[in-house]
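Participant: I'll drop the sequence and a predicted model, then ask my questions.
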Amino acid sequence: MVSPLGPGGTQGGGGGGRGQGVVLHPADPLTSLAHGIGSQHDLPISPFYAFAGAFAALFVSFLALGLLWSTSRFRGERSGLALPAALQRVADAPATRTALRGLGLAAALAVLLYLLLGPDDPAHNPAPGAVYVLLWVGLVPASLLLGPVWRLLNPLRTLHHLLSRALRRQDPDTGPGHHRPVPVRIGQWPAAAGLFGFTWLELVAPEPASTTTLLIAITAYATGQLLLAARFGERWFDGGDAFEAYSTLLARLSPLGRRSDGRLVLRNPFHGLDATPERPGLVATVCVLLGSTAYDGFSDNPSWINALQTSPLGRTPTATLGLLASIALVATLYCLCAAATRLVSGPHPGPLTAFAHSLVPIALGYLIAHYFSLLVVEGPRTVSMALGTDNAPEPVPLLGPGGLAALQVVAVVTGHVLGVVAAHDRSVRLFPPARAVAGQLPLLALMITYTLGGIGLLLN
């Protein structure tokens, strides 16, 4: 299957292949790597041992936690070892923040110029790679290492700031002005909708790498965000911008963070994860990430490709329904788990959102499994094109098929084990001791279901 960055900017019949199929030159020997696991024969172990090992890891983790972890140990934003004051002064200096804002705005302008003036061919235009690889995939390691970096790099936030100053309007963050507060009920729902729109563009749209398609999508998104920010102020971007929400969620697992007193600290990533705000739309945001990645894996299945090609609705409507169904399935399983937890443990605060943070490491595991080869193969190629050296030698894959397969399985299983740990700590905090372990049984069943499904998609 040809990916969003395939020749001519068109997708193949599968309509997907995000992490596994972004290949600029399908004839390359790198194709098998960029497609992730090409077949079950690529696995260094048999599928039986992959499934059995995943199940054992989750079950043993659950038993060990139940026996050895009886009280909550994560302290959220109250934890962390303060970094030197000099380092924080540099990080918080106006010059540093201005430089990062300028970098983000300059990069966005460069992408727009390539879209406007460059060829409509992703093999010779770095703009599609900048959007689908450097932005979407690159935010994963950047946020894990440095925290919510997109908040400072976000060109839309910078444009809003510049427009507000030009119009002499005060923002709620700096003083009284003309903006209304963002209604609490909105939460992260706009970000969830934006993430769905981006994944639809990448996995379903007929020509996702076309310069016209990208220009229309970027213009529409930027216009909507700036208009809403004009109404609600800069705080709109916290939950309204899809990429800020995406970066911030991943940054919850970063060793760098902010304590509740504002100090920059080194911390156990579980503490940051525990501090994830239980906002409206949080579950939807994580389910979009999980469901879209699951659809990406399934879209390579020959039966699904055949269904798209023969559907009376047409390829795009059918693929859209498939993407929606995948996200809905993930969300339904989580909601059923929340309902079962209530039945087993009794009512507790926030039954739907209380354990949503435990899905973040699972989403991260899927992102690594699906995107690692894409980033290391297409990332350097995109940078080379942007620098005018697109004739540079092909990048050498860091891992062979067996090593990549092992990485993917380990990433999925590790993400679920981390999710079990996060859920257990929240459970012993919310539930009476007699019900803390029993209350996690639905969550364990959910984790096992997600794990087996994720590995099954990798074996697809």
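Facilitator: Right, received. Where do you want to start? As the structure is a prediction and not an experimental result, all values here were calculated from the model.
Participant: can you give me the strands in the stretch 251-400 of the chain?
Facilitator: 256-258, 264-266 (DSSP state E, counting those that start in this stretch).
Participant: any idea which helix or strand comes after whichever strand or helix holds Leu162?
Facilitator: For Leu162, the host element (DSSP states H and E) is helix 155-166. Counting by DSSP H and E, the next helix or strand C-terminal to helix 155-166 is helix 189-203.
Participant: Can you name every helix or strand that that next one contacts?
Facilitator: helix 18-21, helix 211-232, helix 236-240, helix 242-251, helix 282-298, helix 315-345 (3 or more CB pairs under 8 Å, 6 or more residues apart in numbering; DSSP states H and E). Any C-beta I mention is one placed from the backbone N, CA and C, and that applies to glycine too.
Participant: for the third one, the distance to its chain's centre please.
Facilitator: Distance, stretch centre to chain centre, for helix 236-240: 16 Å (CA atoms, centre = their mean, to the nearest Å).
Participant: Please save the CA atoms from it in PDB.
Facilitator: Output in PDB follows, covering the C-alpha atoms of helix 236-240 (Å, rounded to 0.1, in the frame of the first residue of the first chain):
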ATOM      1  CA  TRP A 236      -8.000  28.700  23.800                       C
ATOM      2  CA  PHE A 237      -5.000  26.900  22.500                       C
ATOM      3  CA  ASP A 238      -4.500  24.900  25.700                       C
ATOM      4  CA  GLY A 239      -7.500  22.600  24.900                       C
ATOM      5  CA  GLY A 240      -8.500  23.900  21.500                       C
END
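Participant: Extract the residue ranges of the chain that are flagged as low pLDDT.
Facilitator: 1-50, 169-179, 345-351, 390-397, 434, 458-460 (pLDDT under 70).
Participant: what angle sits between the helix holding Leu162 and helix 211-232?
Facilitator: On the basis of axes from the mean of the first three to the mean of the last three CA atoms, to 10 degrees, helix 155-166 is oriented at 50 degrees to helix 211-232.
Participant: ok so, going back, tell me which of the helices and strands packed on helix 189-203 sits nearest to Leu116.
Facilitator: helix 211-232 (7.2 Å; CB to CB).
Participant: What are the contacting residues of that closest one?
Facilitator: Residues from elsewhere that reach helix 211-232, judged by CB atoms under 8 Å, 6 or more residues apart in numbering: 9, 111-112, 115-116, 118, 120, 125, 127-128, 131, 156-157, 159-160, 163, 179-182, 190, 194, 197, 201, 205, 207-208, 236-237, 240-241.
Participant: try it again with 6 Å
Facilitator: Here helix 211-232 makes contact (CB atoms under 6 Å, 6 or more residues apart in numbering) with Leu115, Asp120, Leu156, His160, His179, Arg180, Val182, Leu201, Glu207, Trp236, Gly240.
Participant: Now render the residues you listed as TSV, adding neighbour count and distance to Ser311.
Facilitator: Below are those laid out as TSV (neighbours: other CB atoms under 10 Å; distance: CB to CB, whole Å):
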residue	neighbour count	distance to Ser311
Leu115	22	31
Asp120	18	28
Leu156	23	36
His160	22	42
His179	20	46
Arg180	10	44
Val182	20	40
Leu201	21	20
Glu207	16	19
Trp236	26	38
Gly240	25	34
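Participant: of all those, which comes closest to Val383?
Facilitator: Nearest to Val383 among the contacts of helix 211-232, with distances taken as CB to CB, is Leu115, at 17.1 Å.
Participant: Does the closest one touch Asn125 like I think?
Facilitator: No. Under the criterion of CB atoms under 6 Å, Leu115 makes no contact with Asn125, lying 7.8 Å away.
Participant: most tightly surrounded among the strands of the stretch 251-400 of the chain?
Facilitator: Of the strands of the stretch 251-400 of the chain, the one with the most neighbours on average (mean count of other CB atoms under 10 Å) is strand 256-258, at a mean of 20.
Participant: one step back: got CSV for the helices and strands packed on helix 189-203, with distance to Gly66 too?
Facilitator: Shown next, in CSV, are these (distance: least, CB to CB, whole Å):
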stretch, distance to Gly66
helix 18-21, 34
helix 211-232, 45
helix 236-240, 35
helix 242-251, 28
helix 282-298, 25
helix 315-345, 14
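Participant: Any idea which of those gets closest to Gln309?
Facilitator: Among the helices and strands packed on helix 189-203, helix 315-345 sits nearest to Gln309 (CB to CB), with 7.1 Å.
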